[in-house]
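Student: Mind looking at a prediction? Sequence and model below.
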Amino acid sequence: KQEVTQIPAALSVPEGENLVLNCSFTDSAIYNLQWFRQDPGKGLTSLLLIQSSQREQTSGRLNASLDKSSGRSTLYIAASQPGDSATYLCAVRPFGAGSYQLTFGKGTKLSVIP
Amino acid sequence: GAVVSQHPSWVICKSGTSVKIECRSLDFQATTMFWYRQFPKQSLMLMATSNEGSKATYEQGVEKDKFLINHASLTLSTLTVTSAHPEDSSFYICSAKTGVNQPQHFGDGTRLSIL
């Protein structure tokens, strides 16, 4: 059974700092990995999706890497802003026909202090 | 594009009542919708996968008679929590896919509180 772990559970940084969020998964047979943002009491906003054949994806100040063999992914946020404060979730989709279910980690709650 | 709307966003009701949550894909047709449940400080847990025109597939441990799912059209799926009890209080989120290998798009969730 796939398990997804995110470390740390919570992180507080001053505005402007660069930071890294970590995600690890136990089964490397994945189709893709996705990073989401969740604001309090809200649904999920997709940030980056990395296919299993890719090593990284970038969008603006965000960069996500994937090392499938070691079961790890990182989300790098450059020049953090207070508006980045949210919970960040990573999720993996298993490899296999018809396997669309996502397995989520518990998330990292990020607070960017002005 | 690819907007998913959930209604209601928040509901409080007495123990023993049934509650219906709607999930709509506003600008695309969704052959598959997913229902998740999220308890405080926990990850999203998939409850069931709903395919248009067929019975939903429930995850292990999810009672199909308690959580009724109907996916009658390509733009609407409903989750009905029957005879709700306080332990059913949670955040319920739906998602929808535009195609076979397309990513899931998530709704804003429904906060359910059972008194």
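Tutor: Cool, got the structure. Numbers count the residues shown, from 1 in each chain, chains lettered A, B, ... in the order given.
Student: quick one: contacts for residue 18?
Tutor: With no chain named, the answer covers chain A. For A:N18, the contacting residues are A:76-80, by Cβ atoms under 8 Å, 6 or more residues apart in numbering or on different chains. Just so you know, the C-beta spots here come from the backbone N, C-alpha and C atoms, and that holds for glycine as well.
Student: The chain in question should be chain B.
Tutor: Contacts of B:S18 (Cβ under 8 Å, 6+ apart): B:80-84.
Student: Also B:L44?
Tutor: A:44, A:89, A:91, A:102, A:104, B:36-38, B:93.
Student: CSV for those residues, including secondary structure?
Tutor: Below are the contacts of B:L44 laid out as CSV (DSSP: H, G, I helix; E, B strand; the rest coil):
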residue, secondary structure
A:L44, strand
A:L89, strand
A:A91, strand
A:L102, coil
A:F104, strand
B:Y36, strand
B:R37, strand
B:Q38, strand
B:I93, strand
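Student: Which member of those residues is positioned nearest B:D65?
Tutor: B:D65 has its nearest neighbour among the contacts of B:L44 in B:R37, at 16.3 Å by Cβ to Cβ.
Student: what sits opposite the closest one in the beta ladder?
Tutor: Beta-bridge pairing for B:R37 (DSSP bridges): B:M45, B:Y92.
Student: Quick check: it touching B:M45?
Tutor: Yes: using Cβ atoms under 8 Å, B:R37 is in contact with B:M45, at 5.4 Å.
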